[in-house]
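*Asks:* Quick one: sequence plus predicted model below, questions after.
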Amino acid sequence: MREEVVKRLYIFSPSLRIWHWVNFLSITVLFLTGLYIGSPFFIGSSGYEATYAYAHNLTMDFIRFIHFSAGYVLFFSFLFRLYIAFFRKGDRLFIPAVWKSDFWKGVLEMVLHYIFIKPWHRTYIRNPLARLAYFIFYMALALMIATGFAMYGLSKPDGFWAKLFGWLVPLLGGEFMVHMWHHWLAWLIVLFVIVHVYMVIRYDVIEKEGEVSSMFNGMKNFKETPVDAEELS
Ligand code: HEM
Ligand code: HEM
């Protein structure tokens, strides 16, 4: 058996990896509790009278409390995520170099590869199409947080959250539209997660770069130097 030369590159800092899994947990909780807030299916057809609701654990009040708590975790971990990007290059790989023509060539290359037209693609630490997808995801997450806290602030119009995000309500066309954006973006994020997990596992199996474990140990294995390797040093 021929042994392959493997270049092992350290890419993701511990901070990024911790953020990734905290983000994963908070989004999972937010999505499940959010679904319930939008359509309280397991209360049953009659639900509980407000007076008796506190005798049961699965009240809307409790589910909303969990949603808002996870919302705080999501928001502060997002700020942490942006903060760490200032310090390590490996934590800035979500920024797409849209101003470089090579970047768009790379996007095209990956699309052609995924639709089975181009049998191979260049080796990347993070391919341009993935960068674009992560960038759009971060934008969606920021809007999700802003719309969430804008709604949260509505119950206290002169409070901190209303001051911070309240301006979004008239901008998006009123309360109803803020709810709708929050709802649509929730599904966009779910779509991202489904494709993301599929792509990560696909990469792991096909490219054999140790993709899944990279979000645990920070390392990936390459058979040749990735074309974007200079972005790490
Ligand atoms: C709610 C679910 C998830 C969300 C929102 C999410 C989000 C993200 C984001 C935003 C990044 C880019 C990080 C950066 O800025 O560099 C990323 C990378 C990554 N995620 Fe997830 N993730 C989720 C679930 C998972 C799961 C379940 C796995 C494991 C199977 C996973 C494995 C990875 C790996 C390996 C990378 C690095 C991929 C690369 O280098 O392109 N993620 N994830
Ligand atoms: C990825 C993150 C999040 C997801 C997937 C999510 C999901 C949802 C969903 C599906 C709904 C129900 C919308 C509807 O159908 O009417 C909802 C409502 C809501 N969410 Fe989120 N959410 C997220 C983040 C946040 C954050 C950060 C906050 C900030 C506190 C927040 C606050 C709210 C509020 C205030 C409501 C309306 C509650 C009500 O009307 O009683 N959400 N969320």
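*Replies:* Nice, thanks for sending it over. Because the structure is a prediction, the values reported are computed rather than measured. Ligands and ions are numbered 1, 2, ... in the order given.
*Asks:* Setting the sequence-adjacent residues aside, check what's closest to Leu188.
*Replies:* Ala140 (5.4 Å; C-beta to C-beta, 6 or more residues apart in numbering). Heads up, the C-betas are built off the backbone N, CA and C, glycines and all.
*Asks:* In contact with the one you found, which residues?
*Replies:* Leu185, Leu188, Ile189, Phe192 (C-beta atoms under 8 Å, 6 or more residues apart in numbering).
*Asks:* How many neighbouring residues does the third one have?
*Replies:* Ile189 is surrounded by 18 other residues when neighbours are defined as other C-beta atoms under 10 Å.
*Asks:* in which helix or strand would I find it?
*Replies:* helix 175-206 (DSSP states H and E).
*Asks:* Which element is encountered next along the chain beyond the lowest-mean-pLDDT helix or strand in the chain?
*Replies:* Within the chain, no helix or strand scores below helix 50-53, which has a mean of 67 by mean pLDDT, DSSP states H and E. Using DSSP H and E, the helix or strand that directly follows helix 50-53 along the chain is helix 60-84.
*Asks:* Which strands or helices does that next one pack on?
*Replies:* In terms of contacts (3 or more C-beta pairs under 8 Å, 6 or more residues apart in numbering; DSSP states H and E), helix 60-84 is packed against helix 14-38, helix 128-152.
*Asks:* burial measure for the closest residue to Gly34 other than its chain neighbours, as a count.
*Replies:* Computed as C-beta to C-beta, 6+ apart, the closest residue to Gly34 that is not its neighbour in sequence is Ala186, at 5.6 Å. The number of residues packed near Ala186 is 20, by other C-beta under 10 Å.
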